[in-house]
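Enquirer: Predicted model and sequence follow; I will ask about them next.
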Amino acid sequence: MYDVIIKNGTVIDGTGGARQQTDVGIKDGKIATVGSLPDAEAKSTVDATGKMVTPGFIDVHTHYDAQAHWDTTLSPSPLHGITTIIGGNCGFTIAPLAAEHGDYLMRMLSRVEGMPLESLQQGVPWNWNSFGEWLGELDGTLAINTGFMVGHSAIRRLVMGERSVGHESTPEEMAAMKQLLRSSLEEGGIGFSSSWATTHNDPNGQPVPSRHCSTEELIELSAVCADFDGTSLEFIPAVGRFPQDRIELIAKMSAAANRPLNWNLIAASTSPKQLDVMETNLAASDYAKANGGEVIALTVPCPVTARLSFENGFVLDALNGWREPMALPADEKLEMLADNGKRRELEELAQGPSPLRGVAKWHLLTVGETFSDNNQQYIGRTIGEIAEEEGRATFDVLCDIVIDDKLQTGLYSPVRGDDDETWKLRTEIWADERTMVGGTDAGAHLDLLTTFNATTSMLASAVKERDLISWEQAVHYITDAPAQMYGIQDRGQLTEGFHADVNVIDPEEISLRKIEARYDLPGGAWRLYGGADGYNHVFCNGEEIVHNDEFTENRPGNVLRSGTDTKGTGIS
């Protein structure tokens, strides 16, 4: 007897092969049969007539490390068909840990990944030391499968302490970091992650620890992965166009590890300037291939809309000269914005050269959430419209609104890339062998980004609405392809013997639900949140975790460990 039979569905197996009308039988958490089961018995039967039956989706770039302790569903990702995630990206992990460094790691995560500090303080126990002890805390508690990279900034802080900011490592410190990484990989870490992104700054306004390392340190730490089956590399070499030395660096890191290196992020844009940057950065894959490495660009499969806030200052701190001002305490930041002289200085700096200079087009920002009575009139209007009506400079208008709201104003950048031309470009990028669909940042930037819904956006917009690619192609990009890149064993396909991670999706109903502010974080903090319609059933390891777009009580997810749940991933 089967545990579950999914009958009469359109089965898309994840490999990119043609769909078939058939049944799927699940037993003991595995796919037992893909084929006609007219007379078979099961404890539970799902009628999938008219529905797409797919493998569970895999999201390779998330930051759910902390949220896993207070939200065992890892919401909202499973509501978008996600059954496996990779966390620990960009060098930001909460293990390994030493008690004296917990406060710094908390404040760094809050600053750079947009997680409320009170939630990190109240929602995470911080009671482990080794990477293996931390993974053990998560075993048997989560709705979906999770694998975690080992983060460079965490390792650097543990070994070097305060020297991790502002100093390169000594030979002794380098050896200690390599040993700490080695032990963390032995205990189940699935790779090494790091970042040189200029947007990654610590709570003191300084670059995070990984940004102070030498190229030699990155290459030597990467090389540790060569000794561990089922490991990979993740790294952000720069924001914007990659200089030649960064292209050479990532090739050397990959070659030293004999492992693929993925970097974050390509966002599709039809702007000639951005297209040129994209081609330059994608060419890093060609250089790596010619020099013994393998480099893969992640590309987010949906438009990206950012919510900016002077309260946390993330993204704004990437503007020329804004790193330290955005790290000031709230009262000092308010005083600075109220001072006309300092205001003029900030505006002049913001218009200087930086990869994210476009953020400083203040007139394009739309006022979202406001927190003072004076500002209610501005909700839904752009700063440019308000400035024109009131006959004032745009930056003055912006600063005055932000001051009235005590820095909390939600400011939304324009939605770009939701047009037919850009969606077509996206499908061309996905088809490029140098790219991988990913980069949602789910679990991070809780008041900034909504890309946690990328899989649904992709299916609803590129497949259902625009018919730019087939279901078979789209599903392959978010199932089997990422499983192969990370060496995730027996997942990503509807194949007999594979783990029963399965979605049953209504192709006519799949769509995004409205984004809302949800006050459900520890300490009463809020986050941007949005579910989906069309996911009738989501199974993880044979147990239903989502039923008709809502969570069940089941928590069947496995913590994935390198060498056991991930294997291979040597350079092809």
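Expert: Structure received.

Enquirer: Test my guess that Met485 contacts Ile86.
Expert: No - judged on CB atoms under 8 Å, Met485 makes no contact with Ile86 at a distance of 9.7 Å. Just so you know, the C-beta spots here come from the backbone N, C-alpha and C atoms, and that holds for glycine as well.

Enquirer: When these two are compared, which one has more neighbours?
Expert: Set Met485 next to Ile86 and count neighbours by other CB atoms under 10 Å: Ile86 wins out with 29 against 21.

Enquirer: related to what we said a few turns ago, what do Met485 and Ile86 both touch?
Expert: Residues within reach of Met485 and of Ile86 at once, by CB atoms under 8 Å, 6 or more residues apart in numbering, are Val60.

Enquirer: can I see the domain layout of the protein?
Expert: When the chain is parsed with automatic domain parsing, its domains come out as 57-305+416-506, 307-412.

Enquirer: any chance of those in JSON lines, plus distance to Asn8 and mean pLDDT?
Expert: Supplementary listing: the domains of the chain in JSON lines, determined by distance: least, CB to CB, whole Å; pLDDT from 0 to 100:
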{"stretch": "domain 57-305+416-506", "distance to Asn8": "11", "mean pLDDT": "97"}
{"stretch": "domain 307-412", "distance to Asn8": "43", "mean pLDDT": "94"}
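
Enquirer: Let me see the ranges of the strands in the stretch 101-250 of the chain.
Expert: Using DSSP state E, counting those that start in this stretch, the strands assigned to the stretch 101-250 of the chain run over residues 145-148, 150-151, 191-195, 232-236.

Enquirer: What is the neighbour count of Ser169?
Expert: 22.

Enquirer: err, Thr93, not the other one
Expert: Counted with other CB under 10 Å, residues neighbouring Thr93 total 28.

Enquirer: That one in helix, strand or coil?
Expert: Secondary structure assignment for Thr93 (DSSP: H, G, I helix; E, B strand; the rest coil): coil.

Enquirer: surely it meets Arg157?
Expert: No - look at Thr93 against Arg157 with CB under 8 Å: they stay out of range, at 10.5 Å.

Enquirer: Can you tell me which of the domains of the chain is most buried?
Expert: Between those, the one whose residues have the most neighbours on average, counting mean count of other CB atoms under 10 Å, is domain 57-305+416-506 (a mean of 21).

Enquirer: chain center to that one, what's the gap?
Expert: Computed by CA atoms, centre = their mean, to the nearest Å, the chain-centroid distance of domain 57-305+416-506 equals 6 Å.

Enquirer: got the end-to-end distance for it?
Expert: For domain 57-305+416-506, the first and last residues are 15 Å from each other (CA to CA, to the nearest Å).

Enquirer: change the start of the numbering to 51 and stick with it
Expert: In the new count, where the first residue is 51, that last one comes out as domain 107-355+466-556.

Enquirer: hey, where'd the helices end up in the stretch 151-300 of the chain?
Expert: Secondary structure of the stretch 151-300 of the chain, counting by DSSP state H, counting those that start in this stretch: helices at 152-163, 167-173, 181-188, 202-210, 221-236, 265-274, 294-307.

Enquirer: Save the ones you listed as CSV, and put in distance to Thr65 too.
Expert: Supplementary listing: the helices of the stretch 151-300 of the chain in CSV, determined by distance: least, CB to CB, whole Å:
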stretch, distance to Thr65
helix 152-163, 34
helix 167-173, 39
helix 181-188, 30
helix 202-210, 34
helix 221-236, 30
helix 265-274, 31
helix 294-307, 26
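
Enquirer: Break down the stretch 351-500 of the chain into its helices, ranges please.
Expert: 380-388, 390-400, 433-440, 444-454, 470-480.

Enquirer: elements contacting the third one?
Expert: Right, helix 433-440. The contact analysis (3 or more CB pairs under 8 Å, 6 or more residues apart in numbering; DSSP states H and E) places helix 433-440 against strand 416-417, helix 444-454.

Enquirer: Also the second one?
Expert: Helix 390-400 sits against helix 380-388, helix 444-454, with contacts defined as 3+ CB pairs under 8 Å, 6+ apart.

Enquirer: Distance to Pro126 for the ones you listed - can I get that in CSV?
Expert: As requested, the helices and strands packed on helix 390-400 are arranged in CSV below (distance: least, CB to CB, whole Å):
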stretch, distance to Pro126
helix 380-388, 29
helix 444-454, 29
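
Enquirer: Quick one: closest of those to Lys57.
Expert: Of all the helices and strands packed on helix 390-400, the one in closest proximity to Lys57, counting by CB to CB, is helix 444-454 (56.3 Å).

Enquirer: got the residue ranges for the strands in the stretch 401-550 of the chain?
Expert: 416-417, 461-462, 485-487.

Enquirer: Nearest approach to Ile297 belongs to which of those strands?
Expert: Taking CB to CB, strand 485-487 is the member of the strands of the stretch 401-550 of the chain nearest to Ile297, at 16.0 Å.

Enquirer: List the strands paired with that closest one, with their directions.
Expert: Sheet pairing for strand 485-487, assigned by DSSP bridges, gives strand 345-349 (parallel).

Enquirer: Tell me how many other residues surround Gly85.
Expert: A count of neighbours around Gly85, defined by other CB under 10 Å, yields 11.

Enquirer: what's the neighbour count on the nearest residue to it once chain neighbours are set aside?
Expert: Using CB to CB, 6 or more residues apart in numbering and skipping the chain neighbours, the partner closest in space to Gly85 is Thr72 (5.7 Å). By other CB under 10 Å, the residues close to Thr72 number 19.

Enquirer: Who are the packing partners of the longest helix seen in the chain?
Expert: With DSSP state H applied, the helix covering the greatest number of residues in the chain is identified as helix 322-340. Using 3+ CB pairs under 8 Å, 6+ apart, the elements in contact with helix 322-340 are helix 294-307, strand 311-316, strand 345-349.
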